[in-house]
Every structure is written in structure tokens, then in C-alpha cells.
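[1] Would you be able to build a 3D model of this:
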Amino acid sequence: MLRHRRHCLLLVPALLLAACAQKPLRAPLDAGPRRQWNGRLSLRVDTDPVQSMAAGFDLRGTANAGELSLYTPLGSTLARLLWSAGIAELQWNGQRRNFDSMDALTREATGTALPITGLFQWLNGESAQVPGWSADLQGLNEGKLIARRTTPEPTVELRLILE
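    From the prediction side, this is the model:
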């Protein structure tokens, strides 16, 4: 009987520790819009000559306050775009530059203005209407998003592959 009690006394702290070590519960899928994505992006601007870029990316936050980091294939940071109320900042090559708008910021960083508000909505599966842009959300469940701008010229194609 004493041996049985001793085993029970040793088991209680082990169970308490195990309960504390369990994975946290995940938020339900309907808990609201997602706020972080990463993967690869490619951007093509049909100028003469054509401008294109490919990079790894990490997008966090919302259309109102967030951060977009762009990476080389080896993982080095190319640039960081930061925004919040009244702030649009580009961190690149050890320098910080401020811009008057998100359009100006994304134009400087990528060669064209990007629809950040639409991008967040598209990534959350919403078919947002952005003037001049259309987004193909059919591949979103497989981690693919393609957005095209036809007006104003030049045409632009943005492709995201999500990890």
C-alpha cells in the first residue's frame, strides 16, 4: 500500500508538468483574418526594358500597419518596407528613407506601386476590387496568388507562392 501511494505521489507532479507542456490550442479558422505570410514572390513590370524581380518575402500585420521584408535566395535581407499611420519607410542598404504614401514606398522598392490593401484582402481569400488590378484566387488553397494590373500602363504581374 505504501509503495502504491509513493507511485501516485510521483505521478501527480509528472501529470501536472505534462499538462503545462502541451501545445497551445490553435485559434479557430474563423478567428479573423490572417496576419502573416511568407514564401516567394516574383514581380514583372512590362516597361521597355522589362523590369522583373524575384525574392523571398515575409509579410506581417495589416494594410494599416505592417512590414514586408524581401530576401535574396541565400536569405540575406534585400529590403524592409514598414508602414503605419502616417509612416511609410524603406530600409535598404543600411539606410532608412521615408515616403509620403504606400504607393511611393512600393514604387521605390519594387519599380511599381503595389495595392497593399488589396493584397491583404486577396491573401485572406477576399475578392477585393482594386482599380486596374485583378487577382486570381483559385490557387490560394494551394498557396498560389497571381495579381495583374492592366491599367494604368505598364502592365504588372505579381505572383506569390506561399509556404
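[2] Identify the residues contacting P152.
    Contacts for P152 (Cβ atoms under 8 Å, 6 or more residues apart in numbering) come out as G132. Any C-beta I mention is one placed from the backbone N, CA and C, and that applies to glycine too.
[3] distance of it from W133?
    Distance of P152 to W133, given as Cβ to Cβ, to the nearest Å: 11 Å.
[4] Please apply the same query to R159.
    In terms of Cβ to Cβ, R159 sits 13 Å off from W133.
[5] And for A85?
    Applying Cβ to Cβ to A85 and W133 gives a distance of 24 Å.
[6] So which of these two has more stuff around it?
    Neighbour totals were compared for A85 and W133, and W133 leads with 19 against 6 (other Cβ atoms under 10 Å).
[7] Identify the bridge partners of that one.
    Beta bridges link W133 to V130, R149 when assigned by DSSP bridges.
[8] if I pick it, what's in contact with it?
    115, 118, 147-149.
[9] Can you report how many residues lie near L140?
    L140 has 17 neighbouring residues, counting by other Cβ under 10 Å.
[10] same thing with W37?
    Quick note: W37 (other Cβ under 10 Å) scores 20 neighbours.
[11] Who's the closest spatial neighbour of it, skipping the chain neighbours?
    L59 (4.8 Å; Cβ to Cβ, 6 or more residues apart in numbering).
[12] how close does the residue nearest the centre of the chain sit to A147?
    The chain has L59 as the residue nearest its centroid, 2.4 Å off, counting by Cα atoms, centre = their mean. Using Cβ to Cβ, we find L59 at a distance of 13 Å from A147.
[13] Spit out the residues that contact those two alike.
    L119.
[14] Hmm, R44 is touching S52, no?
    Yes - counting by Cβ atoms under 8 Å, R44 does reach S52; the two are 4.6 Å apart.
[15] before we move on, the earlier item: give me the element the residue nearest to W37 is part of.
    Applying DSSP states H and E as the criterion places L59 in strand 51-61.
[16] Pull out the buried residues from that strand.
    55-59, 61 (16 or more other Cβ atoms under 10 Å).
[17] I'm done for today, thanks for sticking with me.
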